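Engineer: Provided below for reference: sequence and predicted model.
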Amino acid sequence: MALVSELEVVESSGGSNSSAGQSSKPDAVAATPAKQQMHVKQEQENTPPAVTPAFTPAAAKPAFTPGPTPSPSEQVRTNLAMTPATGVEREQQLSPLGLTPSSTTPVPVGSRARVQPIKALNPYDTQWTIKAKLVRKAPPRSFNSRAGAPSRVFNVELADAEGGQIQGTFWRESADKYLDTLQEGKVYYFSKFQVKPANKQYATVKNDYELHFDNRTEVEEAADQSGITVSHQVDVVPFDKLLRYVGRKMPVDILGVVVSCGGLGTIKRKADQTELPRRDVTLADSSGHSVVLTLWADQAQRSDLDGCEGQVMQVTCVRVGDYNGCSLSAVTRSQVTLNPEGEAADALRQWWESEGRDATLTPLGQATGGIGGASGAGPRQNKLQFLQEVVAEDNLPSPDAKPTYHDVIVNVMQIKEDQTMYYLANPDNGKKVEPRDGRYWCEADSRFVDVAGNRYVLTARVADATRECYVNMFNEQGNQLMGSTADELAALRNSDEAEFNKKVKAAKWTEWTMTLAARSREYNGERRMRYTVARMAPVDYAQAGIRLLQLIQQYGQ
């Protein structure tokens with residue numbers, strides 16, 4: 001009541017001053033108490049009597065402890081908790097936040113004003129939003145996390161309106177959230193993801209980067225599903241350059257003349273023992289090389305393949321394998337086109353008619369054979385690889401899988417002097433023993449032996465021009481690397497540490513041809529790759545020079 005009276009006093013005084021015009025400010029202030037009493041009396045007379053409420057409401061409690069401004073999702077949760085709603089209404093309110101009670105989270109539908117093209121993506125920023133069509137969604141794969149909990153992961157291929165394509169991987173929580181809701185052929189907005197350099201060994205699209213989606217990722221279905229047409233840009237790889245793609249998952253596009261087309265056959269699937277149609281087609285191009293392409297399922301059953309010898313065939317998205325040295329295999333996304341149009345196809349037809357038909361073709365499988373030393377004496381030198389093709393960081397195989405073998409030429413960069421390079425072993429079987437009561441106890445055999453010797457087990461860091469990695473060596477390879485037996489090295493370490501360090505230093509920066517056995521292992525719930533030297537030999541520089549000359553001729557450099 002006092003506040004109302006004071007406001008009326010101020011307004012009344014202001015009104016009096018404006019109307020009188022000649023009144024001074026002290027006079028107006030002096031008249032204030034009398035006028036205040038008059039207005040208070042009038043206010044009391046005009047105010048209706050107060051009505052006593054039937055009950056006194058309790059003081060309202062805050063919905064949450066005052067603090068920072070709540071996020072939109074927290075605000076919606078608070079409002080929903082205070083507002084009753086039916087089951088359908090509640091699900092509709094929760095849906096945009098991904099909070100549906102059901103296990104399958106529907107993707108919200110909307111539009112975004114600002115999006116970036118795929119070709120602009122790079123790892124140096126994180127605030128990306130793209131609008132892309134889901135071209136392909138691969139089946140999920142299962143693995144165990146570091147904590148030992150089962151997790152899932154699946155890959156996708158995305159394309160935007162500007163023709164950009166990129167591969168992405170949904171990990172763990174994001175895989176569980178979006179696996180059942182994302183549909184091939186639909187257009188989505190993707191945001192809050194990581195951009196990383198692509199692992200070209202496992203890439204399925206031609207892009208220097210790939211996307212990683214985690215629990216922060218947001219996916220929203222685009223209201224406008226038009227405007228994105230996926231058209232595969234053909235980038236033909238000549239046959240004499242196919243060798244560099246052997247063993248990689250990156251697909252290639254090829255263009256060749258059909259030299260011969262095999263009959264339709266079948267092969268049994270290992271999974272369900274069903275018959276899968278297949279057909280082998282031999283192709284050749286102007287490089288003078290030929291290669292065998294295997295078509296599967298509906299592609300192999302095409303009626304226009306019968307009698308197609310001499311016609312030009314274009315196949316997109318084929319895998320290059322090492323069967324018979326080098327071979328091609330079509331996949332589900334491959335597109336087979338007979339007699340395509342274009343300058344490259346016309347030039348290939350002209351070559352075939354003028355000289356290719358009567359030329360002596362060299363199969364790519366034969367082009368890779370016989371390079372290197374004698375078989376069985378050392379590593380296979382007919383298929384040398386770089387470490388970047390061998391060392392795997394993603395998509396690690398199961399620990400139960402068989403090891404894969406890779407031939408590399410590397411330099412030994414580091415051998416730590418303080419590591420345990422050898423162990424006491426039973427010379428009959430190499431089992432570890434320990435001194436006990438003047439003899440040696442073998443825990444594996446549960447018996448004593450009278451004589452024991454040292455055997456190598458050491459780790460070294462090796463590298464080539466592409467990358468480095470740690471490898472494990474056992475007794476035979478340790479003898480080759482160190483140039484002495486483990487007993488001799490142990491005696492040197494105990495007698496003269498300076499000579500021991502000198503011996504280890506002499507083994508560094510030596511070049512070797514090694515065969516690495518790669519397999520995964522579980523360490524404290526985390527899966528890691530382990531690389532063990534199965535065989536090694538000094539580099540034969542004469543044979544290495546011949547191999548390099550042949551590679552230069554094959555690559556046309």
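Structural biologist: Thanks, I have it. These numbers come from a predicted model, not from an experiment.

Engineer: going by C-alpha atoms from here, please, whenever you check contacts or count neighbours.
Structural biologist: Noted.

Engineer: burial of Ala132, as a residue count?
Structural biologist: Residue crowding around Ala132 was assessed by other Cα atoms under 10 Å; the count is 29.

Engineer: hmm, Ala159 and it touching each other?
Structural biologist: Yes: using Cα atoms under 8 Å, Ala132 and Ala159 qualify as a contacting pair, with a distance of 5.2 Å.

Engineer: joint contacts of the two?
Structural biologist: Residues touching both Ala132 and Ala159 (Cα atoms under 8 Å, 6 or more residues apart in numbering): Ile228.

Engineer: Gln385 against His406, yeah?
Structural biologist: Yes: counting by Cα under 8 Å, His406 is a contact partner of Gln385 at 6.9 Å.

Engineer: neighbour count winner among those two?
Structural biologist: Neighbours were counted for Gln385 and for His406 using other Cα under 10 Å; His406 has more, 24 against 16.

Engineer: tell me the SS of that one?
Structural biologist: strand (DSSP: H, G, I helix; E, B strand; the rest coil).

Engineer: who does it bridge with?
Structural biologist: Leu516 (DSSP bridges).

Engineer: OK, contacts around it?
Structural biologist: Contacts of His406 by Cα under 8 Å, 6+ apart are 384-385, 390, 515-518.

Engineer: same deal with Asn411?
Structural biologist: 462-464, 508-512.

Engineer: next one: Val318
Structural biologist: 251-254, 328-331, 334.

Engineer: need these in JSON lines (columns: pLDDT and secondary structure).
Structural biologist: Compiled in JSON lines, those are given as follows (pLDDT from 0 to 100; DSSP: H, G, I helix; E, B strand; the rest coil):
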{"residue": "Pro251", "pLDDT": "82", "secondary structure": "coil"}
{"residue": "Val252", "pLDDT": "87", "secondary structure": "strand"}
{"residue": "Asp253", "pLDDT": "90", "secondary structure": "strand"}
{"residue": "Ile254", "pLDDT": "92", "secondary structure": "strand"}
{"residue": "Leu328", "pLDDT": "92", "secondary structure": "strand"}
{"residue": "Ser329", "pLDDT": "90", "secondary structure": "strand"}
{"residue": "Ala330", "pLDDT": "89", "secondary structure": "strand"}
{"residue": "Val331", "pLDDT": "83", "secondary structure": "strand"}
{"residue": "Ser334", "pLDDT": "82", "secondary structure": "strand"}
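
Engineer: make a markdown table out of the residues you listed and add neighbour count and distance to Gly453.
Structural biologist: Output for the contacts of Val318, formatted as a markdown table (neighbours: other Cα atoms under 10 Å; distance: Cα to Cα, whole Å):
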| residue | neighbour count | distance to Gly453 |
| --- | --- | --- |
| Pro251 | 22 | 52 |
| Val252 | 23 | 54 |
| Asp253 | 19 | 57 |
| Ile254 | 22 | 58 |
| Leu328 | 24 | 51 |
| Ser329 | 17 | 52 |
| Ala330 | 22 | 55 |
| Val331 | 17 | 54 |
| Ser334 | 19 | 59 |
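
Engineer: quick one, helices of the stretch 151-300 of the chain?
Structural biologist: Ranges of helices in the stretch 151-300 of the chain, per DSSP state H, counting those that start in this stretch, are 172-178, 297-300.

Engineer: any idea which of these is most buried?
Structural biologist: Mean neighbour count (mean count of other Cα atoms under 10 Å) peaks for helix 172-178 among the helices of the stretch 151-300 of the chain, with a mean of 19.

Engineer: ok now that helix, how far from the chain's centre?
Structural biologist: Computed by Cα atoms, centre = their mean, to the nearest Å, the separation of helix 172-178 from the middle of its chain amounts to 15 Å.

Engineer: okay, that helix in PDB with CA atoms only?
Structural biologist: Taking C-alpha atoms only, helix 172-178 is exported to PDB below (Å, rounded to 0.1, in the frame of the first residue of the first chain):
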ATOM      1  CA  ARG A 172      30.000 -47.700 -29.500                       C
ATOM      2  CA  GLU A 173      27.100 -45.600 -28.200                       C
ATOM      3  CA  SER A 174      26.600 -43.900 -31.600                       C
ATOM      4  CA  ALA A 175      26.500 -47.300 -33.300                       C
ATOM      5  CA  ASP A 176      23.900 -48.600 -30.800                       C
ATOM      6  CA  LYS A 177      21.800 -45.400 -31.200                       C
ATOM      7  CA  TYR A 178      21.800 -45.100 -35.000                       C
END
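
Engineer: show me what it is packed against.
Structural biologist: strand 150-159 (3 or more Cα pairs under 8 Å, 6 or more residues apart in numbering; DSSP states H and E).

Engineer: ends of stretch 261-272, what's the gap?
Structural biologist: 28 Å (Cα to Cα, to the nearest Å).

Engineer: what does it contact?
Structural biologist: 274-282, 300-301, 305-309.

Engineer: model confidence over that stretch, on average?
Structural biologist: Computed over stretch 261-272, the mean pLDDT rounds to 81.

Engineer: run the chain-centre distance for that stretch.
Structural biologist: Worked out by Cα atoms, centre = their mean, stretch 261-272 lies 31 Å from the chain centre.

Engineer: and for stretch 452-466?
Structural biologist: 30 Å.

Engineer: alpha carbons of that stretch, in CSV - could you do that?
Structural biologist: Presented in CSV, the C-alpha positions along stretch 452-466 are these (Å, rounded to 0.1, in the frame of the first residue of the first chain):
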residue,chain,number,x,y,z
ALA,A,452,70.7,-74.4,-18.8
GLY,A,453,71.6,-71.8,-21.5
ASN,A,454,70.5,-68.3,-22.4
ARG,A,455,68.1,-67.8,-25.3
TYR,A,456,67.2,-64.4,-26.9
VAL,A,457,63.8,-62.7,-26.5
LEU,A,458,64.1,-59.0,-27.3
THR,A,459,62.2,-56.1,-28.7
ALA,A,460,63.6,-53.7,-31.4
ARG,A,461,62.2,-50.6,-33.1
VAL,A,462,62.4,-50.8,-36.9
ALA,A,463,61.4,-48.3,-39.6
ASP,A,464,61.2,-47.8,-43.4
ALA,A,465,60.4,-44.7,-45.4
THR,A,466,56.7,-44.8,-44.4
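
Engineer: got the buried residues for that stretch?
Structural biologist: By neighbour count on 16 or more other Cα atoms under 10 Å, the buried set for stretch 452-466 is 452-459, 461-464.
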